[in-house]
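>>> Sequence and computational prediction follow.
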Amino acid sequence: MNLDDVLITFFAESRELLESMETSLLSVGQSSDAAETVNAIFRAAHTIKGSAGLFGLDDIVAFTHVVESVLDELRAGAIAVDESLVALLLTCGDHIGALVDAVEASPQGASQELLDRGEPLIAQLRTYLVPAQGGDEPPSRAAPASGCCTEGQPLMGAADLWHISIRFGADVLRNGMDPLSFIRYLRTLGTVVGVVTCATQMPEAEAMDPEACHLGFEIALRTQADKAAIESVFDFVLDDCTLSILPPTSLSADYVELLHALPAESDRLGEMLVRCGAITARELDAALTRQSRAKAADAPPRIGALLVEQGSVAAPVVAAALDKQKRSKDGKPSESQSIRIDADKLDQLINLVGELIIASAGANLIARRTRNAELQECHSTLSGLVEQVRDSALQLRMVKIGATFNRFQRVVHDVSREIGKDIALAVSGEDTELDKTVVEKIGDPLTHLVRNAIDHGIDSPELRARRGKPAQGTVSLNAYHDSGSIVIEVGDDGGGLDRDKILNKAVERGLVEPGRMLTDGEIYGLVFEPGFSTAEQVTNLSGRGVGMDVVKRNIVALRGSVDIASQPGVGTTVTVRLPLTLAIINGFQVGVGKSVFVVPLDMVDECIEFAGEPGHDYTDLRGTVLPFIRLRDLFEVPGEPGPRQNIVVVKHAGHKFGLVVDMLMGEAQTVIKPLSRMFAQVRGISGSSILGSGDVALIVDVPALMQEAATRLPAPEPTEHDA
C-alpha cells in the first residue's frame with residue numbers, strides 16, 4: 001500500500017466532507033428534517049476524525065473529537081441549535097480545514113500558532129458539553145484482560161457489548177501498520193471493556209520472525225456506533241486480517257424491526273441486511289465469494305446460511321430478512337458509479353480533441369480538392385465521429401453551477417452577521433451546467449458581486465421598515481442558458497442604485513461630459529469604471545472604488561459581458577453572460593476579402609442579402625430597424641467588397657444586429673485559441689482558431705460589437721411634446 005497516495009485521497013475527501021458539513025450547517029435551521037441534517041454533520045466529522053486517526057494525525061483527531069462530542073449532544077437532543085452554535089461550528093470547520101492544509105503542506109503538521117488558534121474554539125465547545133460526560137476527554141480504556149482465548153468466544157458474557165474478533169495477517173507489520181493503533185482508535189467510538197490477546201499462532205522462539213505478526217485479539221466494546229463504523233476502524237488492514245464483529249444481543253430485535261420498516265427496493269437478501277446495518281458490505285462480499293467457490297458442488301450453500309456460519313449476523317435476523325424478501329417484488333435500481341479523474345488529464349484530453357478537429361478539417365480540405373467521392377464519404381463518417389467525441393469530451397468538463405452557488409451561503413451568513421443585517425440567500429437554476437474552467441474563474445467575481453449586494457444593495461432594517469419591506473433582505477442567485485451562453489443573475493431587494501448620484505459623481509470625475517444624455521444602462525455601467533465609488537464611508541467590505549472594475553475585466557477576459565439593471569426602492573440585478581465553454585464551439589465561418597472570421601453559431605439567427613441605403617448603418621428587417629456593422633471597415637480589411645454582400649443577423653441578450661460580410665462559408669467546429677497579450681486591446685475579437693488550411697481565423701466578439709451597433713441606431717424623431 002502506498003500511504004502517500006492514500007493521504008492524497010484523505011486530503012481530497014476531507015475537504016469534500018468539510019464542504020458538506022458547511023452546507024448542512026447553513027441549512028439546518030430551514031431543513032424539514034433537522035435530525036437527519038444533524039446526523040449528516042455528525043457523520044462527516046466522525047469520518048474525518050476516523051481517517052485522521054488511522055494516519056496518526058493526532059492534532060486533527062483531538063480537535064475534531066471535541067466537535068464530534070458537541071454534535072453527539074446535539075443529535076441526542078441535549079442541546080438546541082441556535083445561531084451562535086452554528087457560527088461556532090462553522091468556524092470549527094474552518095479550523096479543521098486549516099489543520100488538514102497544514103498537514104498537506106508540511107510533514108511536521110500544524111504549527112504551534114495554528115494549534116493555539118484552536119484553543120479558544122475548544123473552550124467554547126466545552127460549554128455545550130453535558131458535565132456528566134466529563135468534557136471532551138475520550139472514554140478511558142478499561143484494563144485489558146489477560147490470557148489466551150478461544151476463537152469467537154464472547155468476553156464478559158455481557159449481552160449489550162459488541163464482540164470483535166480479529167486475527168492480523170503475518171505481513172501487517174511489514175506493511176507499516178501497528179495492530180495496537182487500531183485497538184487504541186476503538187476508544188474514540190466508546191469504551192473498550194476488555195481485551196484478550198490470542199497468541200495461539202505464535203511459533204517457537206527459534207522460528208520466530210521479528211517482522212511477522214502472529215497475534216489476534218478478542219475485544220469487548222460498549223458503543224453507540226453501528227457495525228459499519230466499527231468495521232471502518234480496520235479499513236486499512238481488511239485485506240490482511242480475519243475480522244468478525246458480533247453485535248449486542250439486544251440489537252437483533254432492532255435489526256428485525258428495521259427490516260420490516262425498509263421499503264421494498266430489493267429482493268436480494270444480502271443487500272437488505274447491509275441496508276439495515278446487520279452486516280457490512282465487506283462481510284457480504286466475503287460470503288458471496290465463498291458461495292461462488294462452492295457453486296461447483298451439487299448443493300451450494302445459501303447466502304443466509306453462510307452469513308450465520310461466518311458469525312456476521314444472528315439467525316433470527318436472517319429469518320426476518322427472508323420473510324421480507326418473500327414480500328418484496330420490486331428490484332433495486334442500479335446505482336450510478338463515478339470515478340475521480342485528475343483535472344490535468346481532462347484538460348489534456350480536450351487539447352487532443354481540439355488538435356483532432358483541426359487535423360480533420362485539413363483532411364476534409366484535401367478530400368474536396370482531390371474530388372475523390374469515396375474519400376469524401378469516409379471523411380464525412382470520420383467527421384461525425386469526431387463531433388461525437390468532441391461533445392462527449394466537453395460534457396466531461398461540464399459541471400453544475402450549484403456547487404459554486406452553495407459557497408455563497410457561507411458568505412451571506414458571515415457578512416450579514418458582521419454588518420448587522422438579516423439577509424437570506426435565494427438560489428435557483430443550480431442545475432445549470434457550464435465548463436469547469438469557467439466555474440473556477442467566475443468564483444471571485446461572483447463573490448465580489450454578492451458582497452457588494454449585501455453591503456450596498458440591502459438597505460438597513462430601519463429603512464426597510466419605513467418602505468414596508470420584510471425585515472429580512474434577500475440576495476438572489478439565478479442561472480440559466482440563453483443562446484449558447486450561461487446567464488448568471490445576482491440580485492437584491494434593496495433600495496436600488498441612485499441614478500443621479502452616479503451621474504453627478506461621473507461628471508465630477510470627468511468620466512462624462514456635463515449635459516450629455518445617457519440611458520439608465522449606460523449610467524449604471526459607470527460603476528465598473530476604475531476607482532468609481534459613491535460610498536460615503538469606507539467599510540471592510542467596500543467603499544474604496546476597487547473591485548467592480550476588476551469584476552468586469554475578469555468577465556470580459558472570459559469572453560463574457562456584464563450589465564446592471566436597477567429600480568429605485570425595489571432592488572438591483574447584475575447580469576453576467578458567459579460562454580458555456582472556453583475550448584471548442586460550433587462556429588459559422590464568414591469571409592471578408594481574403595480574411596476568415598468565425599461567429600459563434602449559437603448567436604447566429606439568420607442570414608439575409610445585404611440591403612441598405614448609402615450612408616446608413618441600419619436596414620429594414622421585416623419592419624424592424626436592424627443596425628449593422630461592416631466587418632471590412634471595422635477591421636480595415638484591404639480590397640473592395642464584392643458585387644453581392646450578405647448580412648449575418650446575430651442575437652445577444654435579447655437584441656439583434658447585423659454583420660456585413662462578403663461570403664457565407666458555413667458551419668464548422670472551432671477550436672478556440674487565445675490571443676497573445678499584444679492583441680489584448682483589439683476590440684471586437686475574442687480569440688482565434690486554426691483552419692484546415694493552416695490559416696488563422698479570428699473569432700468575433702459579439703457582445704462587444706453589439707454595443708458598437710447600438711450607437712448606430714437612428715435617433716427617434718422629435719415629438720410635439722419634445723418640441
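Cool, got the structure.
>>> gap between the helix or strand hosting Val439 and the chain center?
Assessed by DSSP states H and E, Val439 sits inside helix 436-452. Put simply, helix 436-452 sits 13 Å off its chain's centre (C-alpha atoms, centre = their mean, to the nearest Å).
>>> next helix or strand past that helix?
That would be, after helix 436-452 and using DSSP H and E, helix 461-466.
>>> that older thread, can you tell me what sits against the helix holding Val439?
Residues from elsewhere that reach helix 436-452, judged by C-beta atoms under 8 Å, 6 or more residues apart in numbering: 343, 397-399, 401, 403-404, 407-408, 411-412, 415, 475, 477, 486, 488, 490, 541-542, 547-548, 550-551, 554-555, 557-558, 574, 576, 578-583. (C-beta placed from N, C-alpha, C; glycine too.)
>>> Among those residues, name the buried ones.
397, 399, 401, 404, 408, 411-412, 415, 475, 477, 486, 488, 490, 541-542, 547-548, 551, 554-555, 558, 574, 576, 578-583 (16 or more other C-beta atoms under 10 Å).
>>> Can you check my assumption that Leu173 lies in a helix?
No - per DSSP: H, G, I helix; E, B strand; the rest coil, Leu173 lies outside any helix segment and is coil.
>>> wait, it sits on Cys213?
Yes - if you go by C-beta atoms under 8 Å, Leu173 and Cys213 touch, sitting 5.0 Å apart.
>>> re earlier: can you list which of the contacts of helix 436-452 are found in strands?
398-399, 475, 477, 486, 488, 490, 574, 576, 578-579 (DSSP state E).
>>> could you dump these to TSV with pLDDT and distance to Leu26?
Shown next, in TSV, are the ones in strands among the contacts of helix 436-452 (pLDDT from 0 to 100; distance: C-beta to C-beta, whole Å):
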residue	pLDDT	distance to Leu26
Met398	86	26
Val399	85	21
Val475	93	14
Leu477	94	14
Ile486	88	24
Ile488	93	20
Val490	94	18
Val574	93	23
Val576	92	23
Leu578	86	26
Pro579	82	31
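>>> Taking those residues together, which two end up most distant?
Greatest spacing in the ones in strands among the contacts of helix 436-452, by C-beta to C-beta: Met398 and Val475 (26.1 Å).
>>> And the residue positioned nearest the centre of the chain, what's its pLDDT?
Centroid-nearest residue in the chain: Ala403, 3.8 Å away (criterion: C-alpha atoms, centre = their mean). Ala403 carries a pLDDT value of 83.
>>> now swap in the one 10 residues further on and tell me
At His413 the predicted local distance difference test score is 86.
>>> Tell me which other helices or strands the strand or helix carrying Ser686 touches.
Using DSSP H and E, Ser686 sits within strand 685-690. Under the contact criterion of 3 or more C-beta pairs under 8 Å, 6 or more residues apart in numbering; DSSP states H and E, strand 685-690 touches strand 663-671, strand 696-700.
>>> one step back: report the set of residues contacting both of Leu173 and Cys213.
Joint contacts of Leu173 and Cys213 (C-beta under 8 Å, 6+ apart) are Pro179.
>>> who has more neighbours, the two?
The residue with more neighbours, out of Leu173 and Cys213, is Cys213; 22 against 16, by other C-beta atoms under 10 Å.
>>> so what's that one up against?
168-173, 179.
>>> May I see the ChimeraX selection of the buried members of the residues you listed?
Buried subset of the contacts of Cys213, written as a ChimeraX selection, criterion 16+ other C-beta under 10 Å:
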select :168,169,172,173,179
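>>> Domain parsing of this protein, as residue ranges.
Segmentation of the chain into domains, based on automatic domain parsing, reads 3-133, 162-326, 345-397, 399-579, 584-710.
>>> Quick one: those as CSV, columns for distance to Ile339 too.
Output for the domains of the chain, formatted as CSV (distance: least, C-beta to C-beta, whole Å):
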stretch, distance to Ile339
domain 3-133, 12
domain 162-326, 18
domain 345-397, 11
domain 399-579, 15
domain 584-710, 23
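>>> And the next helix or strand past the one helix or strand Glu19 maps to?
Assessed by DSSP H and E, Glu19 sits inside helix 3-27. Beyond helix 3-27 in the direction of the C-terminus, DSSP H and E gives the next helix or strand as helix 34-54.
>>> Can you check the pLDDT for Leu155?
So, for Leu155, pLDDT stands at 46.
>>> Could you do Val648 as well?
Predicted confidence (pLDDT) for Val648: 94.
>>> phi, psi of it?
Backbone torsions of Val648, given as degrees, to the nearest 10, read phi -90, psi 110.
>>> again, but for Asp33
phi -120, psi 80.
>>> Would you quantify the distance from Val28 to His448?
From Val28 across to His448, the span is 28 Å (C-beta to C-beta, to the nearest Å).
>>> Run the chain-centre distance for stretch 476-483.
When distances are taken as C-alpha atoms, centre = their mean, stretch 476-483 is centred 17 Å away from the chain's centroid.
>>> Also stretch 32-40?
Remark: stretch 32-40 is offset 21 Å from the chain centroid, using C-alpha atoms, centre = their mean.
>>> Would you mind checking the average pLDDT for it?
In this model, stretch 32-40 has a mean pLDDT of 81.
>>> same thing with stretch 368-376?
Computed over stretch 368-376, the average pLDDT equals 85.
>>> Point out the other helices and strands that whichever strand or helix holds Phe597 packs with.
Taking DSSP H and E as the criterion, Phe597 maps to strand 595-600. Under the contact definition 3+ C-beta pairs under 8 Å, 6+ apart, strand 595-600 sits against strand 584-592, strand 663-671, strand 696-700.
>>> Turn these into JSON lines, including mean neighbour count and mean pLDDT.
Shown next, in JSON lines, are these (neighbours: other C-beta atoms under 10 Å; pLDDT from 0 to 100):
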{"stretch": "strand 584-592", "mean neighbour count": "21", "mean pLDDT": "90"}
{"stretch": "strand 663-671", "mean neighbour count": "17", "mean pLDDT": "89"}
{"stretch": "strand 696-700", "mean neighbour count": "20", "mean pLDDT": "90"}
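>>> Glu36 is nearest to which of those strands?
strand 584-592 (42.2 Å).
>>> So which elements touch the closest one?
Where contact means 3+ C-beta pairs under 8 Å, 6+ apart, strand 584-592 is packed against helix 343-370, strand 595-600, helix 631-634, strand 646-652, strand 655-661, strand 663-671.
>>> which stretch among the helices and strands packed on strand 685-690 comes nearest Leu356?
strand 663-671 (9.3 Å).
>>> about what we covered before: identify, from the contacts of Cys213, the entry nearest to Glu83.
Pro179 (45.5 Å).
>>> which phi and psi does the closest residue to the closest one other than its chain neighbours have?
Spatial nearest neighbour of Pro179, chain neighbours left out: Phe168 (5.1 Å); criterion: C-beta to C-beta, 6 or more residues apart in numbering. Dihedral pair for Phe168: phi -80, psi 150, per degrees, to the nearest 10.
>>> right, and Phe168 touches Gln201 too?
No - with contact defined as C-beta under 8 Å, Phe168 and Gln201 do not form a contacting pair (9.7 Å).
>>> Break down the stretch 201-350 of the chain into its helices, ranges please.
227-232, 251-261, 269-276, 281-293, 303-309, 315-326, 343-370 (DSSP state H, counting those that start in this stretch).
>>> among these, which gets the worst mean confidence?
When I compare the helices of the stretch 201-350 of the chain, helix 251-261 is least confident, with a mean of 58.
>>> returning to what we had before: and Ile358, which of the helices and strands packed on strand 595-600 is closest to it?
Per C-beta to C-beta, nearest to Ile358 of the helices and strands packed on strand 595-600: strand 663-671, 5.9 Å.
>>> List the pairing partners of that closest one within its sheet, with orientation.
strand 584-592 (antiparallel) (DSSP bridges).
>>> Touching the strand it pairs with from outside, list them.
Among residues not part of strand 584-592, those counted as contacts by C-beta under 8 Å, 6+ apart are 350, 353-354, 357, 390, 394, 484, 579, 596-602, 604, 631-632, 635, 637, 646, 648, 659, 661-672, 689, 697, 699.
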